[in-house]
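>>> Output the structure for:
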Amino acid sequence: MNLKTIILAAGKGTRMVSEKAKVLHEIAGKSMLQRVVESAKELDSKVLVVYGHDGEQVKQAHSGFNISWVEQTEQLGTGHAVKQALDLIDKNDVVLILYGDVPLIKSTTLEQMVGAVGDRSMSLLTVRLANPDGYGRIVRVNNKVTKIVEQKDASETELLLDEVNTGIMAVKGAKLIEWLGRLNNNNAQGEYYLTDIIEMAVNEGVLIKSIHPDNEFEVQGVNSKIQLNELEREYQQLKALELMGLGVTLADKARIDIRGDIILTGSDIYIDVNNVFEGRVSLGKNVHIGPNCVIQNAVISDGVVIKANSVLENCIVGKNSTIGPFARLRPGAELANDVHIGNFVEIKKTTIGAGSKVNHLSYIGDAEIGKGVNVGAGTITCNYDGVNKHKTEIKDGAFIGSGTQLVAPITVGAEATLGAGTTLSKDAPADTLTVTRAKQITLKSWKKPVKN
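Numbers count the residues shown, from 1 in each chain. Below is the predicted model:
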């Protein structure tokens, strides 16, 4: 079977009140269009996107995907939009029609739809709503779908129907080409409705197989920031329930944001409130994450404790290490086992050996720190000369006194000690104390200034 998916993404989205194209607005860190494309790709489908408003912006944002782009210069209805892609459709194709502003459609639902398509059958995704206002109604006779009536064209009786059209359908290419060629715009909107092909199919004896999604939010479209937020919360609720089903303890399932993938490599994980996970985050067993943390593309090993208000990005944290509170691990930070990173400490592009500690108010960048090193409060690696970055090496067992400045490139030898307040501009030998301090002077004749 040769499957092609047409995604309609040409709408302006006026109600979004944004200069950004509607389909570029994000659900859980991915554009709505990207989510639809990914669902289609899971079916090994060739993807055709019909674009219009802010088209270049939309194309550029999704340049990493293998997409065939088709422009719709005039917005004359859904039928007209699909027709723009017909040059890329073969008669033998199975064609799946999706919408770029219906972002949470599942690939499993789409598989059912594609599987229901035959030479004398097509599939239509429908859903029953407590409030069907604004949707086209599904009309059935003897429980068989006979047509779809748009709300503005519906009779009083038809408006009482609660089964509605989602617009998502799958059909053989030959039939789609034929039926689109017969569409007209004789309706209240003056548009070419894609839904009119349903009645054509019925008149030709083609069976309409209705498929129903597992969850209503799968087929929910986005036309405003309110609806965008509603879908975001639906998605986050679903992800939270999935985590708890896998054994993760959440302090509050309503206060977690997952904007990527959480990979669990162990059990007994605790996540406090207001945490944000982005990209790919791996969590080991007995990990404890305090409140208000942001973790992006990180590997968190067994027994790690991340205290409140810490930010971790593109980093690796070894077993039984402690991070925070108010710590920041920047890209390239690699911590071995039993490392302690304390409050208001920033680590960038640095490896830290087992058992080492950087506990207070320090910046460590472009460095290699050995095992069992203690870095005192207020230590700074002066790694940038205004043009280039330079490396600091601190060997095993070294002790760095508080308030130390390490002017890179510099090496501190094994078991060396640097006195507090040292500005080190030359290598410090191993097993020795190195101190750089100006002579302390007290001026007895000095008087405190008095305000005029």
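
>>> Against Gly11, how distant is Asp54?
Distance of Asp54 to Gly11, computed by CB to CB, to the nearest Å: 10 Å. C-beta coordinates here come from the backbone N, C-alpha and C atoms, glycine included.

>>> The two: who's more crowded?
Using other CB atoms under 10 Å, the more surrounded residue of Asp54 and Gly11 is Gly11, with 22 against 19.

>>> right, and the more buried one touches Tyr51 too?
No - using CB atoms under 8 Å, Gly11 is not in contact with Tyr51, being 9.8 Å away.

>>> ok, Asp268 - contacts?
For Asp268, the contact set (CB atoms under 8 Å, 6 or more residues apart in numbering) comprises Gly247, Thr249, Lys285, Asn286.

>>> Weed out the non-buried ones from the residues you listed.
For these, a neighbour count by 16 or more other CB atoms under 10 Å gives the buried set as Lys285, Asn286.

>>> how about the contacts of Asp268 in TSV, adding distance to Glu218?
Formatted as TSV, the contacts of Asp268 follow (distance: CB to CB, whole Å):
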residue	distance to Glu218
Gly247	26
Thr249	28
Lys285	33
Asn286	35
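
>>> Same question for Trp179, what's its three-state structure.
With DSSP: H, G, I helix; E, B strand; the rest coil as the basis, Trp179 sits in helix.

>>> How much space separates it from Leu76?
Applying CB to CB to Trp179 and Leu76 gives a distance of 16 Å.

>>> the more surrounded of these two?
Neighbour totals were compared for Trp179 and Leu76, and Trp179 leads with 21 against 15 (other CB under 10 Å).

>>> ok, that one - contacts?
By CB under 8 Å, 6+ apart, the contact set of Trp179 is Ile197, Met200, Ala201.

>>> Out of those residues, flag the one nearest to Asn337.
Closest to Asn337 out of the contacts of Trp179 is Ile197 (62.7 Å), distances taken as CB to CB.

>>> Am I right that that closest one is in a helix?
Yes - the assignment for Ile197 is a helix, going by three-state DSSP.

>>> Show me the contact partners of the longest helix seen in the chain.
Secondary structure of the chain per DSSP state H: the longest helix is helix 225-245. For helix 225-245, contacts defined as CB under 8 Å, 6+ apart pick out 16-18, 25, 27-28, 103-104, 215, 217, 220-222, 250, 253-254, 256-258, 262, 264, 271.

>>> give me that answer again for 6 Å
Here helix 225-245 makes contact (CB atoms under 6 Å, 6 or more residues apart in numbering) with His25, Ile27, Ala28, Phe217, Gln220, Val222, Leu250, Lys253, Ile256, Asp257, Ile258.

>>> Now do the buried residues in that helix.
Buried residues in helix 225-245, counting neighbours by 16+ other CB under 10 Å, are found at Leu228, Leu231, Glu232, Glu234, Tyr235, Gln236, Lys239, Ala240, Leu243.

>>> With stretch 149-169 instead?
When burial is assessed from 16+ other CB under 10 Å, stretch 149-169 yields the following buried residues: Val149, Glu150, Ala154, Glu158, Leu161, Glu163, Val164, Asn165, Thr166, Gly167, Ile168, Met169.

>>> And stretch 67-80, by the same measure?
Ile67, Val70, Gln72, Gly77, Thr78, Gly79, His80.
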